[in-house]
Structures are given as structure tokens and as C-alpha cells.
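Novice: Compute the structure for the input listed below.
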Amino acid sequence: MAKRQEPRYERFSILFVDDDDATRLLVPTVLKRVAGEIVVASDGQEAIEQLQKRPFDLLVTDLKMPRMDGWELIQASKALKSPPALIVVTAHVGESQLHQEVEALLYKPVPLPDLVAAVERVAARSTS
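Specialist: Residues are numbered from 1 along each chain as shown. Coordinates of the predicted model:
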């Protein structure tokens, strides 16, 4: 039986937001190698509810989602007392204006090693 690998940044928390069911299952399992806590939401409204309960170190979000999209979520997260760092994952290439506002802008389909590397960069800065 394989031993469970401890996350590199045990005290680092991520809120992962995507409306795709398969993505919400796959990505958090990979990010568990990096962060001690990963909470998943299926849209911006669910994410806001989580952000109102407690702060997160990092918000990883898609842009195009039902109920509340990623744009609205990003603006709402910036208004928080302790806004999280932001990584945007999107299929819409025309979103380059976000580069100034986020830690990383990644385009779908994102190679998982690229996402992990971006998360690790944020975690290393926030925990040092």
C-alpha cells in the first residue's frame, strides 16, 4: 500500500472553482501534493459563500460559470479583508488583460504540471 504523501505547504489553503464536474474531481487530487487544504466550489456563488466563512491563501477559478462568473468572483474577492492570491484558468484566450491582476493566467486545457508549478510559486511566496 502506497504511503500518502504529505503536502509541501501544509498550512496553505486553496479554494478551487470550476463548473466542470470532471475538473472538480481531478484537479484537487493533484493539488493535494501542494496544499494542506483544498475546498471546491462549482461556481462563483458557491465560492463567495466559502470566502465569507473563512479566508483562503489562493483562489483558483475558471471565468465562464453559471450563476456568478469568475469576473464577478474576482471583484468580490478583492473586496475582502484578506483577499486571496488569484490564479485564473480559462478556455477564453482573449482574457490577457487579467495578467496584471492575477498570479497566473492559464489556458485550458492546462497541463497539470503547469498548474501545480503556478500554485507552488504562490505557496512558496506566501509561506516564506
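Novice: from here on, contacts and neighbour counts on C-alpha atoms
Specialist: Noted.
Novice: Count the residues that sit near the nearest residue to Glu37 once chain neighbours are set aside.
Specialist: Distance criterion Cα to Cα, 6 or more residues apart in numbering; nearest residue to Glu37, sequence neighbours excluded, is Ser13 at 4.7 Å. By the criterion of other Cα atoms under 10 Å, Ser13 has 21 neighbours.
Novice: who's in contact with the host helix or strand of Val122?
Specialist: Per DSSP states H and E, Val122 falls inside helix 112-127. Outside helix 112-127, the residues that touch it by Cα atoms under 8 Å, 6 or more residues apart in numbering are 9, 12, 27, 30-31, 34-35, 57-58, 85, 87, 103-104, 106.
Novice: Please apply the same query to stretch 11-29.
Specialist: Residues contacting stretch 11-29 (Cα under 8 Å, 6+ apart): 35-44, 47, 56-62, 65-66, 112, 123, 127.
Novice: I figured Gly70 was touching Ser42, is that so?
Specialist: No: Gly70 sits out of contact with Ser42 when judged by Cα atoms under 8 Å, with a separation of 10.9 Å.
Novice: The two: which is more packed in?
Specialist: When Gly70 is set against Ser42 and neighbours are counted by other Cα under 10 Å, the residue ahead is Gly70, at 24 against 20.
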